[in-house]
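Undergrad: Test case, fold it:
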Amino acid sequence: MPLSFLVSLALLAFAGNSVLCRLALSQYQMDATSFTLLRLMSGAGMLYILVSLKGVKIFTAHQSIKNITYQEWLKAFYLFVYASCFSFAYLLLDTAAGALILFGCVQLTLMLFEIANGKKNTLIQWLGMSIAISGFVYWALPSAQTPSIEGAVLMALSGIAWAFYTLAGKGSLQASVDTTKNFVLSMPFLILLIPSYWLMTPFQVNPIGIVLALLSGAITSALGYWIWYLVLPKLSTLSAGALQLSVPILAALGGIIWANEAIALSFIIASSLVLGGILLVMLPAKRN
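TA: Numbers count the residues shown, from 1 in each chain. So this is what the prediction gives:
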């Protein structure tokens, strides 16, 4: 399949994942712990079934828990931190403020990684990144309420964890196996969430919330992250970061299409800036 098609699928999955999470937590009042548990567990189950049907073994018969590498555990931990902090942060933040903090931290982390590693991007690429960021801020900032400190910290941690999860995926040689391992190995970390039922968010679920969590885990998370790991080795770090700035725009576009929301001039301007900036970032790599 063309790279552009796969990237589009991954970004649409990210946008859909945000929508499902917000619906479950805000509209259907599901607790963040249960949502995260169901999301990661259903994602692990879906991926394990799919790779098993392909005849691929995630863990060999001779591999014990002691043989799992530190890097494998670390990627699973990144996934766990991202998913859990994301859910709890959105209990305290509105959509716009959450998007600003999340994608701002993702972008900042990836850019700092580029600079620290002496990566030489072209002036056109940096210009494109600046334009995309300005468009993103222009769209989200006016509607963002003043965030709570706790929510901002949680979402910042989520963004940093996702940035490192993205960086880890650039070295992926088997996207299906690596993504499945990440989800399966995140299961032990879920124990850390159990005390939150007594300390933070009491158990509160309903049938619709459960369905939304399962869809988020099995479809938009599991399959979306699989595709993301499939395309990451073919993208530069700067391109991977710039492309993700389009996720809030795609989520807003979904609202326009499916919820008959009005098309605001600010959305048209922001979309043009973000997509134009992404094009400038991607052009040098396309030319090479």
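
Undergrad: what comes into contact with the one helix or strand Ala76 maps to?
TA: Secondary-structure assignment from DSSP states H and E places Ala76 in helix 70-89. Around helix 70-89, the neighbours that count as contacts under C-beta atoms under 8 Å, 6 or more residues apart in numbering are 21, 25, 32-33, 35-36, 39-40, 98, 101-102, 151-152, 154-155, 157-158, 161-162, 164-165, 168, 178, 181-186, 189-190, 192-193, 196, 200-201, 221, 225. (Each C-beta comes from the backbone N, C-alpha and C, glycine too.)

Undergrad: got the buried residues for that helix?
TA: Going by neighbour count (16 or more other C-beta atoms under 10 Å), the buried part of helix 70-89 is 72-73, 75-89.

Undergrad: can you pull the contacts of Leu212?
TA: Residues touching Leu212, when contacts are defined by C-beta under 8 Å, 6+ apart, comprise 20-21, 23-24, 28, 30, 35.

Undergrad: So for Gln107, what's the nearest residue that isn't a sequence neighbour?
TA: In space, Gln107 comes closest to Gly241 once its chain neighbours are excluded; the distance is 5.0 Å by C-beta to C-beta, 6 or more residues apart in numbering.

Undergrad: now that neighbour: how far from Leu273?
TA: Computed as C-beta to C-beta, to the nearest Å, the Gly241 to Leu273 distance reads 16 Å.

Undergrad: who's more crowded, the two?
TA: When Gly241 and Leu273 are compared for neighbours, Gly241 comes out ahead with 27 against 22, by other C-beta atoms under 10 Å.

Undergrad: Remind me which helix or strand that one belongs to.
TA: With elements delineated by DSSP H and E, Gly241 resides in helix 237-244, which encompasses its position.

Undergrad: what's the spacing between the helix holding Ala76 and its chain's center?
TA: Here helix 70-89 is found 11 Å from its chain centre; the criterion is C-alpha atoms, centre = their mean, to the nearest Å.

Undergrad: Poorly predicted segments of the chain, please.
TA: Confidence mapping of the chain against pLDDT under 70 gives the ranges 59-66, 95-97, 139-147, 251-252, 254-264, 267, 283-288.

Undergrad: Show me where it has its helices.
TA: Counting by DSSP state H, one finds helices in the chain at the ranges 3-22, 32-53, 70-89, 95-116, 123-140, 149-169, 175-185, 196-199, 207-215, 222-231, 237-244, 247-258, 265-287.

Undergrad: Specify the angle between the helix holding Ala76 and helix 175-185 in degrees.
TA: Taking axes from the mean of the first three to the mean of the last three C-alpha atoms, to 10 degrees, helix 70-89 and helix 175-185 form an angle of 70 degrees between their directions.

Undergrad: Please save the CA atoms from helix 70-89 in CSV.
TA: Once side chains and other backbone atoms are set aside, the C-alpha atoms of helix 70-89 remain, and they are given as CSV (Å, rounded to 0.1, in the frame of the first residue of the first chain):
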residue,chain,number,x,y,z
TYR,A,70,15.1,-3.9,28.8
GLN,A,71,14.2,-2.1,25.6
GLU,A,72,11.0,-4.2,25.2
TRP,A,73,9.9,-3.5,28.7
LEU,A,74,10.6,0.2,28.2
LYS,A,75,8.5,0.5,25.1
ALA,A,76,5.6,-1.2,26.9
PHE,A,77,6.1,1.2,29.8
TYR,A,78,5.9,4.2,27.4
LEU,A,79,2.6,2.8,26.1
PHE,A,80,1.2,2.4,29.5
VAL,A,81,2.2,5.9,30.7
TYR,A,82,0.8,7.5,27.6
ALA,A,83,-2.5,5.7,27.8
SER,A,84,-3.1,6.0,31.5
CYS,A,85,-2.0,9.7,31.8
PHE,A,86,-4.1,10.5,28.7
SER,A,87,-7.3,9.1,30.3
PHE,A,88,-6.8,10.8,33.7
ALA,A,89,-5.7,14.1,32.2
